[in-house]
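Peer 1: Just to be clear, the model below is a prediction. Sequence and coordinates:
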Amino acid sequence: MRATRLLALATSSLLAANFQCRSAGEAPCPDQEIAGVSVQFYPCIPDRSGQEAKLFVINSQQEFGDAFICSSYRPRPAVFSDSTLLVGWKNYCCCGHVKSQSLRYDCAANTYTYKVEIEQGVCAAAFPVVSQLRVPKLPAGAKVVIDMQ
C-alpha cells in the first residue's frame, strides 16, 4: 500500500511538472518577423494548373534550375550562400499584383509562414501572380507554408 502511494505521488508530480506551461518570470516563445528583400525576376513555371497557391523554397542554384527549368534567368551562386529565395505563384483573376509580402516565424509551431497579399486590378484578364522574397538562409528542412490571398 505504501509503495502504491509513493508511486502515485511520484507519477502525479511528474505529470504536474510536464503540464506546466512556463514559470511566472519566463517570457513566452515570441513570433518573429523575418526581414526580407523583394526581388524581381520572371520565373518560368512549367505547371500552371490549379487555383491553389504554389510555394518554392530555393536554397541553391541547383534547386532554382530544377524548379524553373525553362527560365533563362539564373541567380549567382553567391546569392544562396546566405539567403533563401521564396517564390509564390497563384492563378488570379483581374490583373492582380503583389501588394505586400512578409515572412513570420511561429516559434510554438516551429513553422515559417510566407504571407502574400494580392491586390485586385481592374481588368477582366486572368494572369498568374508571382511573388519573390529573398530572406536570410532558413535552416535545412524548415517548414514553410504559404498564405497567398
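Peer 2: Perfect, I can see it now.
Peer 1: can you tell me the helix or strand for the closest residue to residue 34 other than its chain neighbours?
Peer 2: Among residues not flanking residue 34 along the chain, residue 103 sits closest, at 4.2 Å (Cβ to Cβ, 6 or more residues apart in numbering). Bear in mind the C-beta positions are built from the backbone N, C-alpha and C, glycine included. Residue 103 belongs to strand 97-106 when assigned by DSSP states H and E.
Peer 1: Report the strands that pair with whichever helix or strand comes after that strand, each with its relative direction.
Peer 2: Downstream of strand 97-106, the first helix or strand assigned by DSSP H and E is strand 111-119. Under the criterion DSSP bridges, strand 111-119 sits next to strand 97-106 (antiparallel), strand 144-148 (parallel) in its sheet.
Peer 1: Contacts for strand 111-119 next, please.
Peer 2: 34, 53, 55, 86, 88, 90, 92, 96-106, 129, 131, 133, 138, 142-149 (Cβ atoms under 8 Å, 6 or more residues apart in numbering).
Peer 1: Filter those down to the buried ones.
Peer 2: Among the contacts of strand 111-119, those buried by neighbour count (16 or more other Cβ atoms under 10 Å) are 34, 53, 55, 86, 88, 90, 92, 96, 98, 101-103, 105, 129, 131, 133, 138, 144, 146, 148.
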